[in-house]
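Asker: model the following, please.
(one chain, ligands or ions: 1)
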Amino acid sequence: MRKSAVLEAVEGLVGGEDLRKALKGVDIIGRIAVIKIPREWQGIRHQVGERILAKLGVDSVYMQTAPARHGDRVRGVEWLAGKRSTVTVYSEHGCKFFVDIEKVYFSPRLSNERRRIADLVAHGETVVNMFAGVGTFSIIIAKSKGAKVFSIDNNPNAFELMIENVAQNRLNGKVIPILADARETVAELEGSAERILMPLPELAEAYLGDAVRMLRGEGWIHVYAHEKGGNEFDVVERAKARMLKSAGQFAEVIKCEGKAVRSIGRKSYQVVLDMQVKPH
Ligand SMILES: C[S@@+](CC[C@H](N)C(=O)[O-])C[C@H]1O[C@@H](n2cnc3c(N)ncnc32)[C@H](O)[C@@H]1O
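Answerer: Sure thing, here's the model as predicted:
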């Protein structure tokens, strides 16, 4: 609905068939709209920003200037219109999150996936979130299931926001923010959890052995991957074959189910695998 509002906003200013394609990348994060602008619109980008600001009634419009970079997954942004502030409050599933779009990774497109994972958690479980960002998955899980969540991120900006988010959602002591490389926490958290989240496709597979070590016996690992080539079925099957092999080095895989979470480009998908494993 908001996307069509964006289309209406720029009608007359820019035209052509490419419009829908170009504006596919609109994210509304709290009071900020982040848009992708094709090269040929560069000269009128502030006008486009003003139109979108007025149409959507957000406080600020930014454009994405670079894709999420390796490591902290932060994307480059440039101000286009409205308030010059990259900090906003985003609400999801009854929780509130401070997000700084310039300093941390954040995607509203994972909202359904965060709900799905929270629904899988049993009351009172202990969970480790190895790549927690501002604490989104962790806080939703803790709030809806009373789970204890060790919530790790190595970006100091994400860690600071996570602390604020835990406090504003009144989850002190339930969500435990940890500033570290997820691998460094293994010794401390060994054998402590029933469930591990690995929402960082670029590193998840390499850290599977660490995830298994943090499980208290049989448990679940939710591992994310980026897969290219083929349809949704193909990418899931390919990710499954690879992860079964990798996880098999450290654990017996009792069950492994997967699905494409979202499209991230032509024939490219973010995939999640839910693996029930028993450590060797
Ligand atoms: C895709 S984001 C997580 C998003 C989050 N799950 C959400 O739903 O908002 C991945 C996060 O992993 C963090 N990260 C990258 N490498 C890491 C590492 N070695 N150890 C811990 N965190 C890491 C990044 O700083 C980033 O915040």
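Asker: from residue 93, how far off is residue 223?
Answerer: Residue 223 sits 22 Å away from residue 93, taking C-beta to C-beta, to the nearest Å as the criterion. For the C-beta atoms, the positions are set from N, CA and C on the backbone; glycine is no exception.
Asker: now do the contacts for the nearest residue to residue 31 once chain neighbours are set aside.
Answerer: Nearest non-adjacent residue to residue 31, counting by C-beta to C-beta, 6 or more residues apart in numbering: residue 59, 3.9 Å away. By C-beta atoms under 8 Å, 6 or more residues apart in numbering, residue 59 lies in contact with 31, 32, 82, 83, 85, 88.
Asker: likewise residue 141?
Answerer: By C-beta under 8 Å, 6+ apart, residue 141 lies in contact with 117, 118, 121, 127, 129, 147, 149.
Asker: domain assignment for the protein?
Answerer: As given by automatic domain parsing, the domain ranges for the chain are 2-85, 106-279.
Asker: highest average neighbour count across those domains?
Answerer: Of these, the one with the most neighbours on average (mean count of other C-beta atoms under 10 Å) is domain 106-279, at a mean of 19.
Asker: so how far is that one off the chain centroid?
Answerer: Distance of domain 106-279 from the chain centroid (C-alpha atoms, centre = their mean, to the nearest Å) equals 10 Å.
Asker: is the ligand within reach of that domain?
Answerer: Yes. Using C-beta under 6 Å from any ligand atom, domain 106-279 reaches the ligand at 106, 110, 131-133, 136-137, 152-155, 158, 181-182, 199-200, 203.
Asker: in helices, which of the residues you listed fall?
Answerer: The members of the residues of domain 106-279 next to the ligand that map onto helices under DSSP state H are 136, 137, 158, 203.
Asker: which residue ranges form the helices in this structure?
Answerer: 2-10, 18-22, 45-56, 111-120, 136-145, 156-168, 186-189, 201-204, 208-214, 232-248.
Asker: what would those helices look like in TSV with distance to residue 100?
Answerer: What follows is these, written out as TSV (distance: least, C-beta to C-beta, whole Å):
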stretch	distance to residue 100
helix 2-10	21
helix 18-22	26
helix 45-56	19
helix 111-120	19
helix 136-145	14
helix 156-168	6
helix 186-189	27
helix 201-204	21
helix 208-214	28
helix 232-248	31
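Asker: can I get those helices in CSV including mean pLDDT?
Answerer: As requested, the helices of the chain are arranged in CSV below (pLDDT from 0 to 100):
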stretch, mean pLDDT
helix 2-10, 68
helix 18-22, 56
helix 45-56, 89
helix 111-120, 98
helix 136-145, 98
helix 156-168, 98
helix 186-189, 97
helix 201-204, 96
helix 208-214, 98
helix 232-248, 97
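Asker: mind checking which of these is nearest residue 74?
Answerer: Comparison of the helices of the chain against residue 74 by C-beta to C-beta identifies helix 156-168 as nearest, at 8.3 Å.
Asker: what's in contact with the closest one?
Answerer: Contact with helix 156-168 is made by 72, 95-100, 103-105, 132-135, 138-139, 151, 153, 172, 174-175, 177-179, as judged by C-beta under 8 Å, 6+ apart.
Asker: residues contacting residue 95?
Answerer: 136, 139, 140, 143, 165, 169.
Asker: give me the subset of the contacts of helix 156-168 that lies in strands.
Answerer: 95, 96, 97, 98, 99, 100, 151, 153, 175, 177, 178, 179 (DSSP state E).
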